[in-house]
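Novice: need a 3D model of the sequence below.
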Amino acid sequence: MKQRITLKKIAREFGVSISTVSKALKNSNEISGELRDKIKAFADYYNYKPNSLALQLRNQKTSVIGVIIPEIVHHFFSTVIDGIEVYANEKGYNVMVCLSNESFEKEVANISVLANGTIDGLIVSIARGTQKKDNYHHFEELIKEDFPLVLFDRVNDALKCDKVIIDDIGGGYSAAEHLLEIGSKRIALLTTQDFITVGALRKVGYRKAMQNAGLDVDEDYVFKLDDAEDLYEQIEKVFELEQAPDAILAVNEIYAAIAMKIAKEKGYKIPDDIAVLGFTSGLISEFTSPPLTSVVQHGFLMGQKSAELLINRIEHTAGKEYHKEVISTNLKIRESTKR
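Specialist: Below you'll find the predicted structure:
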């Protein structure tokens, strides 16, 4: 008995995408005649039969939208999911959430499973591993198939789809400006590697604020952290500078909380000796000692906007043009910068 064959197995045999196999079996002129004939002959030999359930799911509305986030531990992503669920549920949709765990491979696998008829559309914040590889073929395949897609927070501007982002440059600028206003001159920046878009953009805002204040940006005070390494050891190097900073600006609240812990262990008083400011304004920011001044990112609103764009796209009310929503930030001033 011949083995049961699937579109995925046929695609692997010929080194092409599943969508290419599907088009060949439907006699699409997009596929060359030679390849089309080979794929059809192979499928006939193995008595390929379309999965009726998968076809039914592809051709019918499931009223489910998928969400892929890099990690769940960040308060920001949990608030985004809340916003997505509230809006989606009001419109009669359920939400299925998957984690990429910052992995390119897992992000690709999640998209492959979800987009195969399980959901009507997808909302994604791009994984760190994907940004590092600079490989977006899985998103390009979705876009080629006109599959409804919204990217949020971590996006790639080259991908032609709807997007929702925070004003990261503005947030970085207002954060640095606040530290300058309280008298800080030597502001250390704790940021991500440059391939992480949000960290890179917040660094742009920090630089603009420093330059507008007539201060040179000392590269020794810019720390590009690698989350795969020991963050404590990396952040500890801030306090080994020949001239210690009088303020720290961190691009997320985890970096900021670790910096505060190290500062206190080394005998610094916060904010008298060193002010600390971070992004997100989640539970960590509220319960650090002292409470952390933060850039508020409005994750709930970002989730609502992402769901709105996606559902409009699913229901064909969005038009042909793609939209990019930019959500403004604001500062929540707490004791970590009150001098």
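Novice: and the helices in the stretch 101-250 of the chain, which stretches?
Specialist: 104-114, 128-133, 137-144, 168-181, 197-212, 231-236 (DSSP state H, counting those that start in this stretch).
Novice: got those helices as CSV, with distance to Ile81, mean pLDDT and mean neighbour count columns?
Specialist: C-beta: built from backbone N, CA, C; applies to glycine. As requested, the helices of the stretch 101-250 of the chain are exported to CSV (distance: least, Cβ to Cβ, whole Å; pLDDT from 0 to 100; neighbours: other Cβ atoms under 10 Å):
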stretch, distance to Ile81, mean pLDDT, mean neighbour count
helix 104-114, 15, 95, 18
helix 128-133, 19, 96, 20
helix 137-144, 20, 93, 16
helix 168-181, 20, 98, 22
helix 197-212, 18, 97, 20
helix 231-236, 24, 97, 15
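Novice: may I see the ones you listed organised as CSV, with distance to Lys266 added?
Specialist: Output for the helices of the stretch 101-250 of the chain, formatted as CSV (distance: least, Cβ to Cβ, whole Å):
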stretch, distance to Lys266
helix 104-114, 38
helix 128-133, 30
helix 137-144, 44
helix 168-181, 20
helix 197-212, 23
helix 231-236, 9
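Novice: ok, which of these comes nearest Phe76?
Specialist: Between Phe76 and the helices of the stretch 101-250 of the chain, the tightest spacing by Cβ to Cβ is seen for helix 197-212, at 10.0 Å.
Novice: list the contacts of the closest one.
Specialist: For helix 197-212, the surrounding residues in contact (Cβ atoms under 8 Å, 6 or more residues apart in numbering) are 131, 153-156, 166, 168-177, 180, 187, 189, 191-194, 216-217, 222, 224, 249, 251, 279.
Novice: ok, now which ones touch Leu189?
Specialist: Lys203, Tyr206, Tyr221, Val222, Phe223, Ile248, Leu249, Ala250, Val251.
Novice: from those, keep the buried residues only.
Specialist: For those, a burial check counting by 16 or more other Cβ atoms under 10 Å picks out Lys203, Tyr206, Tyr221, Phe223, Ile248, Leu249, Ala250, Val251.
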